[in-house]
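**Q** just need the structure, nothing else, for what follows:
(chains A and B)
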Amino acid sequence: AQSVTQLDSHVSVSEGTPVLLRCNYSSSYSPSLFWYVQHPNKGLQLLLKYTSAATLVKGINGFEAEFKKSETSFHLTKPSAHMSDAAEYFCVVSDYGGSQGNLIFGKGTKLSVKP
Amino acid sequence: GAGVSQSPSNKVTEKGKDVELRCDPISGHTALYWYRQSLGQGLEFLIYFQGNSAPDKSGLPSDRFSAERTGGSVSTLTIQRTQQEDSAVYLCASSLERVIGGNSPLHFGNGTRLTVT
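**A** Numbering: from 1, shown residues only, chains lettered A, B, ... in the order given. Have a look, this model is predicted:
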């Protein structure tokens, strides 16, 4: 069965410094992987997705993620944090087994950005 | 075009009352999902619809929870005899088709914040 683990529940960075949000997954198949962002009092918005094409995926707002099969990781990065990046981020794996309607969500990482 | 719409945005109810939460998906989206997000928790899957049928109800936490979808469009999530532990944000999402291979990402509504007093 597929699963996803977000290694940090909370990450705090200073504005202008790099962001790293970690995600590890387990999957019996070639997975599809996603990162979603949730700003306060809003629904989730797709940041980027990996679907077995290029292993380095670029998303919106300057974020990118690299699929590393050998490490079963899909970490989210951004070179320089902006105050508007403060939000909660969810790593998601597509479950081909049919449970949970195909998507397994991580527990989320809350990103704080200090001025 | 319009996104996923949920109503009400906020609902305060007394313990023991029934509540109905509504979701209007994006037109043409056949797949519809309900999730629950409690304070400090991730997303908890509740139920998934493909068209009007619900092939996966595995996430409904008790028989007080039910959901239906009519006309392949609007869905309602009903919670009977609400309890304080039902307090959470209920999120609805839709996609063009069942999410396989990442070609049909989810589009989320802003959620309904339910508070049971």
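
**Q** by mean pLDDT, which helix or strand of chain B comes out lowest?
**A** strand B:53-56 (a mean of 80; mean pLDDT, DSSP states H and E).

**Q** how about stretch B:32-45 as PDB, C-alpha atoms only?
**A** Output in PDB follows, covering the C-alpha atoms of stretch B:32-45 (Å, rounded to 0.1, in the frame of the first residue of the first chain):
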ATOM      1  CA  LEU B  32     -15.900  14.400  -6.200                       C
ATOM      2  CA  TYR B  33     -14.200  14.000  -2.900                       C
ATOM      3  CA  TRP B  34     -15.000  14.900   0.700                       C
ATOM      4  CA  TYR B  35     -12.200  15.400   3.300                       C
ATOM      5  CA  ARG B  36     -12.200  16.500   6.900                       C
ATOM      6  CA  GLN B  37      -9.500  18.700   8.300                       C
ATOM      7  CA  SER B  38      -9.300  18.900  12.100                       C
ATOM      8  CA  LEU B  39      -7.100  21.500  14.000                       C
ATOM      9  CA  GLY B  40      -3.500  20.400  13.700                       C
ATOM     10  CA  GLN B  41      -4.300  17.300  11.600                       C
ATOM     11  CA  GLY B  42      -3.900  16.500   8.000                       C
ATOM     12  CA  LEU B  43      -6.700  15.700   5.600                       C
ATOM     13  CA  GLU B  44      -8.900  12.800   6.500                       C
ATOM     14  CA  PHE B  45     -10.500  11.100   3.500                       C
END
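
**Q** is any part of it close to chain A?
**A** Yes: contact check for stretch B:32-45 against chain A, using C-beta under 8 Å from any C-beta of the partner chain: residues in range are B:33, B:35, B:41, B:42, B:43, B:45. (Each C-beta comes from the backbone N, C-alpha and C, glycine too.)

**Q** narrow those to those in strands?
**A** Assigned to strands by DSSP state E, the following of the residues of stretch B:32-45 next to chain A qualify: B:33, B:35, B:43, B:45.

**Q** low-confidence ranges in chain A?
**A** Filtered on pLDDT under 70, chain A yields the residue ranges A:1, A:95-102.
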